[in-house]
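>>> Fold the stuff below for me.
(6 chains)
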6 protein chains.
Amino acid sequence: MEFPFQFDHTQPLSFGGLLPQQRSFDDSQVVILPVPVDRTTSYVGGTRNGPHDILQASSHMELWDEEMRADVHGVGIFTLPEMELPFGEMGALVDEIERVAYEVIGRDKFLVALGGEHSITPPLVSAAARRHATLSVLQIDAHADMRDSYLGTPHSHACAMRRSLEYAKITQVGIRILSTDEAQIMPQLNTSVFYDWDMRRDPHWIDKVVETLNANVYITIDVDGMDPSIMPATGTPEPGGLSWAEITALLRATAEQRRVVSADVVELSPIPGMVAPSFLCARLIYKLLTYRFAADPRAKRL
Amino acid sequence: MEFPFQFDHTQPLSFGGLLPQQRSFDDSQVVILPVPVDRTTSYVGGTRNGPHDILQASSHMELWDEEMRADVHGVGIFTLPEMELPFGEMGALVDEIERVAYEVIGRDKFLVALGGEHSITPPLVSAAARRHATLSVLQIDAHADMRDSYLGTPHSHACAMRRSLEYAKITQVGIRILSTDEAQIMPQLNTSVFYDWDMRRDPHWIDKVVETLNANVYITIDVDGMDPSIMPATGTPEPGGLSWAEITALLRATAEQRRVVSADVVELSPIPGMVAPSFLCARLIYKLLTYRFAADPRAKRL
Amino acid sequence: MEFPFQFDHTQPLSFGGLLPQQRSFDDSQVVILPVPVDRTTSYVGGTRNGPHDILQASSHMELWDEEMRADVHGVGIFTLPEMELPFGEMGALVDEIERVAYEVIGRDKFLVALGGEHSITPPLVSAAARRHATLSVLQIDAHADMRDSYLGTPHSHACAMRRSLEYAKITQVGIRILSTDEAQIMPQLNTSVFYDWDMRRDPHWIDKVVETLNANVYITIDVDGMDPSIMPATGTPEPGGLSWAEITALLRATAEQRRVVSADVVELSPIPGMVAPSFLCARLIYKLLTYRFAADPRAKRL
Amino acid sequence: MEFPFQFDHTQPLSFGGLLPQQRSFDDSQVVILPVPVDRTTSYVGGTRNGPHDILQASSHMELWDEEMRADVHGVGIFTLPEMELPFGEMGALVDEIERVAYEVIGRDKFLVALGGEHSITPPLVSAAARRHATLSVLQIDAHADMRDSYLGTPHSHACAMRRSLEYAKITQVGIRILSTDEAQIMPQLNTSVFYDWDMRRDPHWIDKVVETLNANVYITIDVDGMDPSIMPATGTPEPGGLSWAEITALLRATAEQRRVVSADVVELSPIPGMVAPSFLCARLIYKLLTYRFAADPRAKRL
Amino acid sequence: MEFPFQFDHTQPLSFGGLLPQQRSFDDSQVVILPVPVDRTTSYVGGTRNGPHDILQASSHMELWDEEMRADVHGVGIFTLPEMELPFGEMGALVDEIERVAYEVIGRDKFLVALGGEHSITPPLVSAAARRHATLSVLQIDAHADMRDSYLGTPHSHACAMRRSLEYAKITQVGIRILSTDEAQIMPQLNTSVFYDWDMRRDPHWIDKVVETLNANVYITIDVDGMDPSIMPATGTPEPGGLSWAEITALLRATAEQRRVVSADVVELSPIPGMVAPSFLCARLIYKLLTYRFAADPRAKRL
Amino acid sequence: MEFPFQFDHTQPLSFGGLLPQQRSFDDSQVVILPVPVDRTTSYVGGTRNGPHDILQASSHMELWDEEMRADVHGVGIFTLPEMELPFGEMGALVDEIERVAYEVIGRDKFLVALGGEHSITPPLVSAAARRHATLSVLQIDAHADMRDSYLGTPHSHACAMRRSLEYAKITQVGIRILSTDEAQIMPQLNTSVFYDWDMRRDPHWIDKVVETLNANVYITIDVDGMDPSIMPATGTPEPGGLSWAEITALLRATAEQRRVVSADVVELSPIPGMVAPSFLCARLIYKLLTYRFAADPRAKRL
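Residues are numbered from 1 along each chain as shown, chains lettered A, B, ... in the order given. Sure, this is the predicted structure:
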């Protein structure tokens, strides 16, 4: 933004806030796309505020990552404003998300979409699959989201991964809840499932997850995949789930052994007055960017 | 509910709680219908919790009304459980609300619907108009809700009264906000409008409102028609609006000079930890019932 | 409090905080007694936090009152710590409150008790009546609290004023809700009742209230007597009620035309994160002290 | 509930919501009894809302349990409305709970009581002991609750297990806090105690807990027995305590090796705006039912 | 903002959101400057979030004003991002605000500053006084803020108007609280004071306020000048104060009879989960802009 | 406190509340000093309420510690009221804290300071270093706080440990976030750093931490050093960090192998309505006192 005078200002709704190195869209490797879709979530409302709160929290992050000994923001992180979403037919909305996502991914940017509810994922996966052959999806989630339709619509968050299956095979991690119908249909679907309690009994589960993935990977993180102790701010906070140590180890292993091409973080439904869950999402995204781009020549290392 | 043993229990989600005189559906004059539709509201979410919180609050009300010196609960107040709402096409939802509403109104019950968002009103008005000729609608609201479509759908809460116009003429009270498009179209619609600041300057506004009404009246109360000081718990809490004294005086005058046949209370979006707005809605509904049925032979008077 | 070194410190739980003129119990005209009884309140809990939050808020008040052009704190305001309350028999609790209250009132202090629920009032009135002949009670309240017993006990907050009637006649102001049983019994009780809607229609209601009072007056303020717009933080926030202008005018007229000997403020149930209701209670008490002691030689006037 | 027309509706305050298979009281194996007693809790109030919030959360649960590969709801889960509780003498309240509990347990139902505070447990244990000889109690709790009386009453939550000892021996798990008086008396009581930090050092603690139990087991879960990271919504949230993995493993081992006959979940004090703790309680209860009834012929298995 | 593809997006932190007519800084008549200073406020924190929440709320406003029958946004409303504020010496901060404010006011823009605490007002008044001779300040406030220093600094919010007096005479409206020291010094200062209770007794107070003002007027609105019933979200919410009808009438009279050159709205301290106060501030600012620019040729009228 | 009559009362803002054995300042081994400094914290406000909420929570603790089988309160725990803090120059504030701290530490008391923000630590360390030669600081924290200045001041919380380094060497535990500048400067500073992820990989990290410490140890606990799952109530809640088991084991090992001379707990920013974080701080401090004084002759042991 330019002004006819010197003006030191913040950038509150840009990922990372006022980054020391600011880059244009064209010169950025990473593009953040806020997609505050919120209409079929069934319990506690509020995912429409998710992208906003993640961005606001992100401006309070430090940029150095001691684990990887790198500061990757120099690769360019460009934050788009929130998509203006039509409220009518869900089909038109899905098409528009797909179009915009492909505009970004088709330019070989690393797209990170911020939900909003999980129903935004299928068009994002579709756009990634259009650009990248042999795509796998890594889904971190408490629920399978494999219903074929839910409460009368095929576009519900409860069907998000069933729709995504139309574009790529899926590896599901942290699953701990199914409907009885899903339990019956799951064995016939093109997925690899790592149930929460199986993971707890297998110290090598991360390696096994990565083995199931193709060369190119899209990561979708439904925040309820994490333990409600660190992530209470979601619609159906199922007990159990991934700890911070587990989810970061999984992301690191995936980023080091496969080529992550895009990601989304969905279903954050902020609790007024409590910033920890939004801050965790911001940090988690930056962790993923760090794992993904620590070796990039534009990253800073010591 | 019957049990194979004596069991003293509460009725937390029935209007008025454990009423001294409990009556069956058939023997009740009043039927409460919770319709927690919540999907096109644009700002702060949460109207889906409105009916639940109003009912919960209502069980803490006293039943005597000193203003009318009557306790009307003896006319029979029967509370239906929440409608199970399909999530898909809005059209199917609207049709189902109309069908259920007519099942009640067609049996000559006084139906009080609890929203949910304002988009539930058109089918309720439609059902009332099917049963009662020469119907007027009395709308208490901050917004005209007269857009022809909004964000791609004709069923948005922002279009609720434009849709209702298809079934009855409308008198609008407390209006203080229009879109620029609405401002242009309003003079051509079949409505009488009482703007908030005009009301403040005219001590006889209540009489004038009643004069515009037909013999049979449907009352729709968007809670944002009231002053945010007493009603902060709604999506777009516009400053200004009706006080408690004003809204109760208007309801009393209407009930005494016209035949009120049905009503709804919509757009309550409860603030966690704050019961006053839900309690006000419960009391407001009971006030309306008292004005309407104080002269009923089954009401108790001293 | 004394320390073996200089120590500038606050007094967060003393009324008014760190008053410029601090006085001992013996040298103080006013004594504040916190009585956080909270066990029979039926709806939203939390009156046990009322005294604490009023005191905390009071330390942020300015001490000058421009209406009376006086700063009365010099008469001495001594704040006792919270009573340690036995949890067993309600009868023992009532007796202990009466004993402590008389220790204060019997020394000719102006006692202000902070509740806690309304069930603390009868022993306070008893103590005042022991010391002051021809006592009247001025009750500001939404409810009559005239049940003879409630849910099995005669000591419920719903019976508070019925119990108090055993010690003094009562003038009730702001009443807008009765149970049907109360409506029947009220005409036979030794009370003067000013219903909320009658007050609204009579510009001289304050004079008429004062006329009903004896020479010595005990004032009990159930905070739900005030309009929920300024006092949402109470268990059953009935719409309607006294505005700030009305309640302060009533207190001033009473203090100027009668001798107020003691008071209580009860049923504040703080809403976490919202200080306005607690602040209002603190200011209301200081207003009452100002009206009562503005002419005292130890008050400062300009 | 029956209506004179077709009416698709929810069942918001029934455990599990609108279950696919709904059964009558007589035909149900499991009976849920809400007992919202809330009067002697000493710190943060609100346990009276516990049963309501657990039931509301439960309607958002999936019914399939992948760990046990079963959906047990077909055994019949019948939810009673909330008990109407007298507010007077605690003794009468305790007697009434005992009577109602025995009406259920005496019919060989599996009773799950929802508190409310821990003081409801002694009459529940009494009823279970009347029906089932050689009963043990498994208590999950942060506190011993072994005071003989507290603040003047023997019925306080702080005495709940001391009272329960009069009907059965007790195994206490997760204890991490005692009063100094309790520390002195504990060795002389008929209990087995597993302190929190001892459990952390002994990988076989679950087996040892089960070994202490008789053939028939009553389980009482004070939610503060769990780690505040997953259960902040309680009066005195002591750091430490059982994780989700630990408490479910303990319940499973107990259900598989002993005959669990009844249970309660108490001391949930919901935090407005935060559903995770209530959801956890709902899931925990359904986990217990699944462990208990997975082998029942009416459960569904794949 | 420009993108290499079509992208329909919102503008969440611009006043009014995605305005139909968007204008550049140079082409805008109105400039919004967020100044989230928050460091000397003494009670409830959080004014740093004020500007953010006002802007977020403003995007949900309708733009038509029926009272003035105008939509003024066409004059151009340009929103600057939040100032980056140094945290060290208060003096440097004050200087920087003055410099930036003059960059805007000196270009003959109508500057609206969003606080933050009241300590931002003196440099804003200074900048306005540099540009506009014979400037008056209209202060709406509960407190005089006329201390010469407070807790060791002359830059505290409690001194804001004493500092502003160095640049212009001041008319104070809604004052209801003074410190005893202020009460003594006030008569000697260059101010006109309209105390809250005097206003209540004088139906012509608005005319009298306007009479005290010079040709050019700077308006500073400390939100605590309004009644806590509509504005609970501030540090010291004093009972009493201006209603919505009063404050809008005052702004209209001032805008019609004098030339308002700049304004600020300060001391909003948002309550998490409650949008009404932020929404009111957004509407109040738009009301002021409407009164000020309704006659501008670029405003739309019907 | 003494009164002219018997008065059983609580002590809500004394650590531990109404302790069975109450001791004078001179006779107490432990002195609690609340220092609610809150002005440079950059994100979520509210650390000024930290000391108050810790003390309030502490009155609900049991005093027996089963892990150490001791009740140490008999050594005397004296709670000072909150320091009255000047708001002007930060330098004067720092000097005053140093003076008061030395008044306590110089009398050989064990001082526990309650923040407030981390900027209070340097003067506390200075006072401890004046009294105790060869002092080490054990810092538990998510951030290094090793900036030389931040936003224009050397006294920011972000510089707290850089300032403290001027008085003693420092061992940092739980660090997981650095600014890029800090990452460069850290190797040259007189500190031992235990990064969060290194600790997770080294089962002997506690021993190694203790080895780095001198004979006398000052412990500063920034609450964000703990996992946000147990400590969400702080300004920048970084994921990861110490669990309850880890932090208590570290404190115990330190107290048993070194001489802990003083401590502080800082950066608690309470979330309204959620007591668990404040309760945890109270318990953590009492745990530290128990580890430190279990062997004291005035402690009670069984």
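>>> can you give me phi and psi for the nearest residue to residue A:292 once chain neighbours are set aside?
Counting by Cβ to Cβ, 6 or more residues apart in numbering or on different chains, residue A:292 lies nearest to residue A:255, which is 4.8 Å off, once chain neighbours are set aside. C-beta here means a position set from N, CA and C on the backbone, and glycine is covered the same way. Dihedral pair for residue A:255: phi -70, psi -30, per degrees, to the nearest 10.
>>> give me every residue that touches residue A:255.
A:288, A:291-292 (Cβ atoms under 8 Å, 6 or more residues apart in numbering or on different chains).
>>> At which residues are the helices of the stretch 101-250 of chain A located?
A:121-131, A:160-164, A:180-185, A:196-201, A:205-211, A:244-257 (DSSP state H, counting those that start in this stretch).
>>> Any idea which of those helices gets closest to residue E:283?
helix A:121-131 (36.5 Å; Cβ to Cβ).
>>> Only the buried residues of that closest one, if you could.
A:121-129, A:131 (16 or more other Cβ atoms under 10 Å in any protein chain shown).
>>> Near chain B, which residues of the stretch 101-250 of chain A? Just list them.
Proximity of the stretch 101-250 of chain A to chain B (Cβ under 8 Å from any Cβ of the partner chain) is limited to residues A:150-153, A:156.
>>> May I ask which two of these are separated the most?
That would be A:152 and A:156, which, of those, are the farthest apart (Cβ to Cβ) at 8.5 Å.
>>> who has more neighbours, the two?
For residue A:152 versus residue A:156, neighbours defined as other Cβ atoms under 10 Å in any protein chain shown are more numerous around residue A:156 (25 against 14).
>>> Surely that one touches residue A:146?
No - between residue A:156 and residue A:146 there is no contact under Cβ atoms under 8 Å: 11.6 Å.
>>> pLDDT below threshold where in the stretch 51-200 of chain A?
Residue ranges of the stretch 51-200 of chain A with pLDDT under 70: A:86-88.
>>> Would you convert the buried residues of helix A:121-131 into a markdown table that also reports distance to chain D?
As requested, those are arranged in a markdown table below (distance: Cβ to the nearest Cβ, whole Å):
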| residue | distance to chain D |
| --- | --- |
| A:121 | 20 |
| A:122 | 21 |
| A:123 | 26 |
| A:124 | 25 |
| A:125 | 24 |
| A:126 | 27 |
| A:127 | 30 |
| A:128 | 29 |
| A:129 | 28 |
| A:131 | 34 |
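>>> what's residue A:104 in contact with, if anything?
So residue A:104 contacts A:31, A:33, A:111 (Cβ under 8 Å, 6+ apart).
>>> roughly how far apart are the second one and chain D?
Read it as residue A:33. Per Cβ to the nearest Cβ, to the nearest Å, residue A:33 is found 28 Å from chain D.
>>> just checking, that residue is part of a strand?
Yes - judged by DSSP: H, G, I helix; E, B strand; the rest coil, residue A:33 forms part of a strand.
>>> Surely it touches residue A:110?
No - in this structure, residue A:33 is not within contact of residue A:110 by Cβ under 8 Å, at 11.0 Å.
>>> Pick the one among the contacts of residue A:104 closest to chain B.
Nearest to chain B out of the contacts of residue A:104 is residue A:33 (Cβ to the nearest Cβ; 19.7 Å).
>>> tally of neighbours for that closest one?
27.
>>> Pairing partners for it in the sheet, please.
Residues in a beta bridge with residue A:33, per DSSP bridges, are residue A:113.
>>> who's in contact with it?
So residue A:33 contacts A:80, A:83, A:100-101, A:104, A:111-114 (Cβ under 8 Å, 6+ apart).
>>> re the thing from before, now the contacts of residue A:255 as JSON lines including distance to residue C:192, neighbour count and pLDDT?
Output for those, formatted as JSON lines (distance: Cβ to Cβ, whole Å; neighbours: other Cβ atoms under 10 Å in any protein chain shown; pLDDT from 0 to 100):
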{"residue": "A:288", "distance to residue C:192": "72", "neighbour count": "24", "pLDDT": "98"}
{"residue": "A:291", "distance to residue C:192": "76", "neighbour count": "22", "pLDDT": "98"}
{"residue": "A:292", "distance to residue C:192": "77", "neighbour count": "24", "pLDDT": "98"}
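>>> from these, which is closest to residue B:139?
Sorting the contacts of residue A:255 by distance to residue B:139 puts residue A:288 at the head of the list, at 50.1 Å, by Cβ to Cβ.
>>> Now do the phi/psi pair for the closest one.
phi -60, psi -40.
>>> can you pull the contacts of the residue lying closest to it once chain neighbours are set aside?
Sequence neighbours aside, residue A:251 is the residue nearest to residue A:288 in space, at 5.2 Å (criterion: Cβ to Cβ, 6+ apart). Applying Cβ under 8 Å, 6+ apart, one finds that residue A:251 lies in contact with A:219, A:284, A:287-288, A:291.
>>> So which of these sit within strands?
residue A:219 (DSSP state E).
>>> Over in chain A, which residue gets nearest chain C? Let me know.
Closest point on chain A to chain C, by Cβ to the nearest Cβ, is residue A:273, at 6.4 Å.
>>> Surely that residue is in contact with residue F:272?
Yes - counting by Cβ under 8 Å, residue A:273 touches residue F:272, with 6.3 Å between them.
>>> Mind listing the shared neighbours of those two?
Counting by Cβ under 8 Å, 6+ apart, the residues touching both residue A:273 and residue F:272 are C:273, E:272.
>>> Looking at the helices of the stretch 101-250 of chain A, spot the one closest to residue E:164.
helix A:244-257 (49.4 Å).
>>> list the buried ones in that closest one?
The neighbour-count check on helix A:244-257 (16+ other Cβ under 10 Å) flags A:244, A:246-248, A:250-255 as buried.
>>> next helix or strand past it?
Remark: after helix A:244-257, the chain's next helix or strand is strand A:259-266, criterion DSSP states H and E.
>>> Sheet-wise, list the partners of that following strand with their directions.
Partners of strand A:259-266 in its sheet, by DSSP bridges: strand A:110-115 (parallel), strand A:216-222 (parallel).
>>> can I get those in CSV with mean neighbour count and distance to residue B:140?
Output for those, formatted as CSV (neighbours: other Cβ atoms under 10 Å in any protein chain shown; distance: least, Cβ to Cβ, whole Å):
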stretch, mean neighbour count, distance to residue B:140
strand A:110-115, 27, 36
strand A:216-222, 26, 41
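>>> To residue B:91, which of the ones you listed lies closest?
For the strands paired with strand A:259-266, proximity to residue B:91 was assessed by Cβ to Cβ; strand A:110-115 is nearest, at 26.8 Å.
>>> Hey, what's the angle from the closest one to helix A:121-131? Just curious.
For strand A:110-115 against helix A:121-131, the angle by axes from the mean of the first three to the mean of the last three Cα atoms, to 10 degrees is 170 degrees.
>>> Off-centre distance for strand A:110-115?
Mean C-alpha position of strand A:110-115 versus that of the full chain (Cα atoms, centre = their mean, to the nearest Å) differs by 6 Å.
>>> swap in stretch A:122-134?
With Cα atoms, centre = their mean, you get 14 Å for stretch A:122-134.
>>> returning to that earlier point: just give me the closest of the buried residues of helix A:121-131 to residue A:15.
Using Cβ to Cβ, residue A:124 comes nearest to residue A:15 of the buried residues of helix A:121-131, at 17.0 Å.
>>> So the closest one sits against residue A:262, correct?
Yes - the pair residue A:124 / residue A:262 is scored as a contact, 6.8 Å apart, by Cβ under 8 Å.
>>> joint contacts of those two?
Listed as contacting both residue A:124 and residue A:262 by Cβ under 8 Å, 6+ apart are A:101, A:111, A:113, A:218.
>>> Next, count neighbours for residue A:133.
Using other Cβ under 10 Å, residue A:133 has 9 neighbouring residues.
>>> Hmm, I typed the wrong one, I wanted residue A:202.
Each residue near residue A:202 was counted by other Cβ under 10 Å, and the total is 12.
>>> Check the closest residue to it other than its chain neighbours and give its pLDDT.
For residue A:202, ignoring the flanking residues on the chain, the nearest one in space by Cβ to Cβ, 6+ apart is residue A:208 at 7.2 Å. On the pLDDT scale, residue A:208 is placed at 98.
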